[in-house]
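Chemist: attaching a predicted model along with its sequence, questions to come.
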Protein chains: 2
Amino acid sequence: MTEPNGSTPSLEVCLSPALLHLYDVKNSIVVIIDVLRATSTICTALYNGAAKIIPVASVEECVNIGRQLSAITAGERDGKIAEGLAYGNSPFEYPRDFIEGKILVLTTTNGTKLLHMAKDAIQIITGSFPNLSAVCEYLVAQGKNVILGCAAWKDRVNMEDTLFAGAVVHRIKQHFNVNCDSALAAETLYNTAKDDIFGFMRQASHFQRLSRYGLEKDIRYCLTPDSANVLPILQNGELVVG
Amino acid sequence: MTEPNGSTPSLEVCLSPALLHLYDVKNSIVVIIDVLRATSTICTALYNGAAKIIPVASVEECVNIGRQLSAITAGERDGKIAEGLAYGNSPFEYPRDFIEGKILVLTTTNGTKLLHMAKDAIQIITGSFPNLSAVCEYLVAQGKNVILGCAAWKDRVNMEDTLFAGAVVHRIKQHFNVNCDSALAAETLYNTAKDDIFGFMRQASHFQRLSRYGLEKDIRYCLTPDSANVLPILQNGELVVG
């Protein structure tokens, strides 16, 4: 499934971090997808001028690195800003007049875990509806094998990440060899949902969880394409605009 | 998610054996789903009068048990009858005039693996389109938590098992509490495909694999509901009509 001599690269979808070992990460670009809300917030902060974003696994690491770099610390656990951190996971917390030129240290459970698991990839980028076009254009331009990696929810397959993966498959599949039932499933789900993604998502478990926290505005933003259309790319453990 | 005092039992879908550890197997009935073709062949052989079916993991075990019990041995590896065994995985190999009253020892890779992983379940049954109604009626009558366990393909999510899980969700969801995005995904895919499941499956990876072996007739049978409508149920390591 490599692409020497100009053969068609592969496009696959991995629905959960617990399935990533089944994929050839080393020979692929991996797109980390955590639609609600980590990767939506990441592209939004970078779009609004953040200097860089440092993704970390634990709250403790977040606090320590934040202190060392005089950076903004952010992260939630169970829907609340984690103790010791200053900000949360909402994209609306990072407007330009706040985040421009600053470093954001961000801890999320699902997305960060997958990011570390994919460390041997050719390249790691992050994807979400607000930067859908940037992701698609990058992947087509690179012409390499692609794994769309859903962060999922504690390893459980979730609808929002699957739908985003499906949106990417739908947009760029003609440039790739797609021999992956998860990609077929994701695209079919996206095609079913695309005329009213917000309405479709009302049935999903995470929607119901976040709605209880009053986060419908966040969800609506996180499901809207191209409102923060930059490409976050991982370089030396930091996400910067690619 | 248990169901004491008549509370509504849960209905969940597990898309791959590699995700089964995320589910509460001990407090659930697990439906083993391996549409192409193990569980379709299992209900067909029982429907046609097989005394019982003994699922085993390895070809060696299959040969040994077959010899001990003077039973029919069956199983494939890479689309061919495995060396040392007498029959394959096709439901058409087990008509009544051949299988009635006999014991079948069957080895399959994906289905058998999941069956052993689910051994602590309240009950294990097998499901496929040929026994869709029998499965649904049983699950509704029991009123217990249900996990629809897709055997998948070497742990990769596959379309045919997902579609069958979706068919079950579609039929019986009003009797259960469904808070599972995999169930939502499976049902949505089933609804998209149901008017022409065979046509939809043409895009799937396993369809393409089996077609190369000339097995379109098998596939068509395995996607047709209720042509072998019995309930295979696991008792002491053997599948019998429940």
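Modeler: Perfect, thanks for sending it. Values in this document were obtained by computation on a predicted structure and should not be read as measured data.
Chemist: CA atoms of the helix or strand of chain A with the lowest mean pLDDT as CSV?
Modeler: In chain A, the helix or strand scored least confidently by mean pLDDT, DSSP states H and E is helix A:205-212, which has a mean of 81. Extracted in CSV, the C-alpha atoms of helix A:205-212 (Å, rounded to 0.1, in the frame of the first residue of the first chain):
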residue,chain,number,x,y,z
SER,A,205,-24.3,10.0,22.5
HIS,A,206,-21.7,12.9,22.7
PHE,A,207,-24.3,15.4,21.5
GLN,A,208,-26.5,14.4,24.4
ARG,A,209,-23.6,14.6,26.9
LEU,A,210,-22.5,18.1,25.7
SER,A,211,-26.0,19.4,25.5
ARG,A,212,-26.5,18.7,29.1
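Chemist: centre of the chain versus that helix, how much separation?
Modeler: Between the centre of helix A:205-212 and the centre of its chain there are 18 Å (Cα atoms, centre = their mean, to the nearest Å).
Chemist: after that helix, which helix or strand is next? Please name it.
Modeler: Next in sequence after helix A:205-212, counting helices and strands by DSSP states H and E, comes helix A:216-222.
Chemist: next, the buried residues of the next helix or strand after that following helix.
Modeler: Read in the C-terminal direction, the helix or strand following helix A:216-222 is strand A:232-235, with elements assigned using DSSP H and E. Of the residues in strand A:232-235, A:P232, A:I233, A:L234 count as buried by neighbour count, 16 or more other Cβ atoms under 10 Å in any protein chain shown. Glycine gets a C-beta too; all of them are placed from N, C-alpha and C.
Chemist: let me see the contact set for the last one.
Modeler: Counting by Cβ atoms under 8 Å, 6 or more residues apart in numbering or on different chains, A:L234 touches A:L115, A:Q123, A:I124, A:I125, A:T126.
Chemist: and for the first one?
Modeler: With Cβ under 8 Å, 6+ apart as the criterion, the residues that contact A:P232 are A:T39, A:I42, A:C43, A:L46, A:I53, A:I125, A:T126, A:N131, A:L239, A:V240, A:V241, A:G242.
Chemist: could you report the neighbour count for the fourth one?
Modeler: Residue crowding around A:L46 was assessed by other Cβ atoms under 10 Å in any protein chain shown; the count is 26.
Chemist: now do the fifth one
Modeler: When neighbours are defined as other Cβ under 10 Å, A:I53 has 27 of them.
Chemist: SS state for it?
Modeler: Reducing the assignment at A:I53 to three states with DSSP: H, G, I helix; E, B strand; the rest coil gives strand.
Chemist: how about it: what's its closest non-neighbour residue?
Modeler: Once its chain neighbours are removed from consideration, A:I53 has its nearest residue in A:L239; the separation is 4.2 Å (Cβ to Cβ, 6 or more residues apart in numbering or on different chains).
Chemist: which helix or strand contains the one you found?
Modeler: In this assignment (DSSP H and E), A:L239 forms part of strand A:238-241.
Chemist: same for that strand, what does it pack against?
Modeler: If contacts are counted by 3 or more Cβ pairs under 8 Å, 6 or more residues apart in numbering or on different chains; DSSP states H and E, strand A:238-241 sits against helix A:38-47, strand A:52-56, strand A:232-235.
Chemist: what's the least confident helix or strand of chain A packed up against?
Modeler: With contacts defined as 3+ Cβ pairs under 8 Å, 6+ apart, the packing partners of helix A:205-212 are helix A:159-172, helix A:216-222.
Chemist: gap between the strand holding A:L239 and the chain center?
Modeler: Worked out by Cα atoms, centre = their mean, strand A:238-241 lies 13 Å from the chain centre.
Chemist: the closest residue to A:H175 other than its chain neighbours in helix, strand or coil?
Modeler: If you skip the residues right next to it in sequence, A:H175 has A:V140 as its closest partner in space, 5.0 Å away by Cβ to Cβ, 6+ apart. Look at A:V140: counting by three-state DSSP, its state is helix.
Chemist: verify the stated contact: A:V140 with A:K173.
Modeler: No. The criterion here is Cβ atoms under 8 Å, and A:V140 misses it with A:K173 at 10.4 Å.
Chemist: picking that back up, mark which of the contacts of A:P232 are buried, thanks.
Modeler: Among the contacts of A:P232, those classed as buried by 16+ other Cβ under 10 Å are A:T39, A:I42, A:C43, A:L46, A:I53, A:I125, A:T126, A:N131, A:L239, A:V240.
Chemist: I'd guessed the first one sits against A:T112; true?
Modeler: No. Taking Cβ under 8 Å as the contact criterion, A:T39 and A:T112 are not neighbours in contact, 10.7 Å apart.
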